[in-house]
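Student: What follows is a predicted structure for the sequence shown.
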Amino acid sequence: VKEGSASGCRNEDGLRLTLELRGVIDLLTDLGVTWLEEQAKGVLERFIEASGGDVDEERLFAQYDGAEGALPGRPVADFMHSLHFETGGQLGARKASELTGGGKELEKKLSYGELIDTMLMAAIQGESDLQMELRAEAISRFRRTDAQIEAALFKRHTEQETGCIRRTAPMPLDLSKISGVDWLVPGFLPANDLALLYGAAGTGKTTAALVLARSVLQGKGVLDHEAPAGIGKVLFIASDSGPQPLVAAMQDLEMMSMPEVQKGNQQRFFVWAADQENSSTAWSADLRGCIELLEFVRKNKITLVVLDSCKAICRGTEVDYASNHSVTALLTYLKDVIAPHTSLLLLNHDGTARNATAGAKAWKEIPSVVHQIEIEELNGQMVHERRLWQLRKSRLGPMREFRYQLVDGEPVLCDGEETFGNCHDRLIEVL
């Protein structure tokens, strides 16, 4: 900024100068922030003042708590970029608007990269009219499709949230800073990662997802695994069938009477779905929807998010359910940006090919754990009350399969199926 570099330039650390980032720095410079001498706490206080107070102060200070001396251990530009997104882009918006002439004469001033940056800022702020104007500009001038633009927006926001910019040459990793992957629900759901559960209509995917969600609410094991799940909060996004079938399945599982489900101080189960009485619409996996999901997960410390279903969350968005390029951009965003704060379980239909999911192949390729549920077949006949659960893919352990049956709507392991005990309880018994 001091050298008068144009937007789009990168510094020696690979960080890119964007319009909104320059706006952040200009505004805080006006407040007299001395970048390399200011205590981190002082920067945050001035930042909150400049943002007009529209920021979660407690979360912001907690995120940078313990920073001593100069700014926390990250480049100044990267730090300012993070602060900008803490307010949903509001801090740099005023200066960025001045730099773009209030959205006018964009063709003369903005490159494709700058259009993406400004479009991202508009999406964060919920300015749909400006976002549509910028999208139309990108389509007409640069011959991009809506799906390509949406993928670029997901990629840019992922870069900004993670601080990872593609470099010209790979850099060796410090393996001491890499943590392993653990289970949230042992044998079923990885912690802070993506999992997929797919099957034909009527196989009980929603019921199975609710059983996994209940295990997180209660801290109990599931079916063939006795080891307890991590206890936490659950967000169930019912974009497919809506809240009524979900409530019916919850009643079969006797979940509606649970304190964790009831509205109040003990509530730890939340539902997003289209409902006229509550004036709510179905959640969609466009960029704005994903940003809202990220904010909700962070604010409420959600442990598990269930997305029902893959096809439904793409409906009405520029994410092409059947395109590997489009789905890869979405799932990479979920994995790199949202999964560090929660675990995600995606529900999908099965495809026409055997043991394949519907839609793009990426739905099955990117998640770390993939499950399939089928109605069991015996002697050529479908046994509708029995299910075959197959672990098709796992980066945490071996494949397995087991059978269970529905007893009054409740999944119960069939006789003779192998179970995996809880070694922690056995050790306690011995001690």
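Tutor: Happy to help now that I have it.

Student: Quick one: residues in contact with stretch 280-292.
Tutor: 88, 120, 123-124, 126, 150, 153-154, 157, 237, 239, 242, 272-274, 293, 307, 312-319, 330, 333-334, 337-338 (Cβ atoms under 8 Å, 6 or more residues apart in numbering). For every residue, glycine as well, the C-beta is placed using N, CA and C.

Student: rerun that using 6 Å as the cut-off
Tutor: 123-124, 153, 237, 239, 272, 274, 313-314, 316-317, 319, 330 (Cβ atoms under 6 Å, 6 or more residues apart in numbering).

Student: got it, and stretch 181-199?
Tutor: 205, 212, 215, 222, 225, 227, 229-230, 335, 339-340, 343-348, 350, 357, 367-373, 396.

Student: Do me a favour and get the end-to-end distance for it?
Tutor: Taking Cα to Cα, to the nearest Å as the measure, stretch 181-199 stretches 26 Å from start to finish.

Student: Now do the nearest residue to Tyr112 once chain neighbours are set aside against Leu197, distance only.
Tutor: Nearest residue to Tyr112 in three dimensions, chain neighbours excluded: Phe142, at 4.9 Å (Cβ to Cβ, 6 or more residues apart in numbering). Applying Cβ to Cβ, to the nearest Å, the value for Phe142 to Leu197 is 38 Å.

Student: Between these two, which has more neighbouring residues?
Tutor: Leu197 (27 against 13; other Cβ atoms under 10 Å).

Student: Just grab the bridge partners of that one for me.
Tutor: Beta-bridge partners for Leu197, by DSSP bridges, are Leu347, His371.

Student: and the gap between the closest residue in space to Thr303 that isn't next to it in sequence and Val297?
Tutor: Once flanking residues are discounted, Thr303 sits nearest to Gly232: 2.5 Å by Cβ to Cβ, 6+ apart. To Val297, Gly232 is 11 Å away according to Cβ to Cβ.

Student: Looking at those two now, which is surrounded by more residues?
Tutor: The residue with more neighbours, out of Gly232 and Val297, is Val297; 21 against 17, by other Cβ under 10 Å.

Student: Tell me which helix or strand that one sits in.
Tutor: Val297 belongs to helix 287-300 when elements are defined using DSSP states H and E.

Student: The helix-or-strand element of the chain with minimal mean pLDDT: what's the following helix or strand?
Tutor: Every helix and strand in the chain was compared by mean pLDDT, DSSP states H and E; the lowest is helix 106-109, with a mean of 46. Sequence-wise, the next helix or strand downstream of helix 106-109 (DSSP H and E) is helix 112-125.

Student: Just the pLDDT at the spatially closest residue to Met119 that is not a sequence neighbour, thanks.
Tutor: Excluding its sequence neighbours, the residue lying closest to Met119 (Cβ to Cβ, 6+ apart) is Leu134, at 4.3 Å. With respect to pLDDT, Leu134 scores 87.

Student: show me what contacts Leu134?
Tutor: Leu115, Thr118, Met119.

Student: ok, it to Ser326 distance?
Tutor: Separation of Leu134 from Ser326 (Cβ to Cβ): 19 Å.

Student: Met250 touches Met256, doesn't it?
Tutor: Yes. Counting by Cβ atoms under 6 Å, Met256 is a contact partner of Met250 at 5.3 Å.

Student: before we move on, what SS does Thr303 have?
Tutor: Assigned state for Thr303: strand (three-state reduction, DSSP: H, G, I helix; E, B strand; the rest coil).

Student: So it is in contact with Ile231, correct?
Tutor: No. Taking contacts as Cβ under 6 Å, Thr303 lies outside contact range of Ile231: 7.7 Å.

Student: Of those two, which one has the most company?
Tutor: Ranked by neighbour count (other Cβ under 10 Å), Thr303 and Ile231 place Thr303 first, with 24 against 15.

Student: what's the pLDDT at that one?
Tutor: pLDDT recorded at Thr303 is 97.

Student: Tell me who's in contact with it.
Tutor: If a contact means Cβ under 6 Å, 6+ apart, then Thr303 has Val216, Gly232, Lys233 as its contacts.

Student: returning to what we had before: tell me the buried residues in the helix holding Val297?
Tutor: Buried residues in helix 287-300, counting neighbours by 16 or more other Cβ atoms under 10 Å, are found at Leu287, Arg288, Gly289, Cys290, Ile291, Leu293, Leu294, Phe296, Val297.

Student: With that, I have no additional questions.
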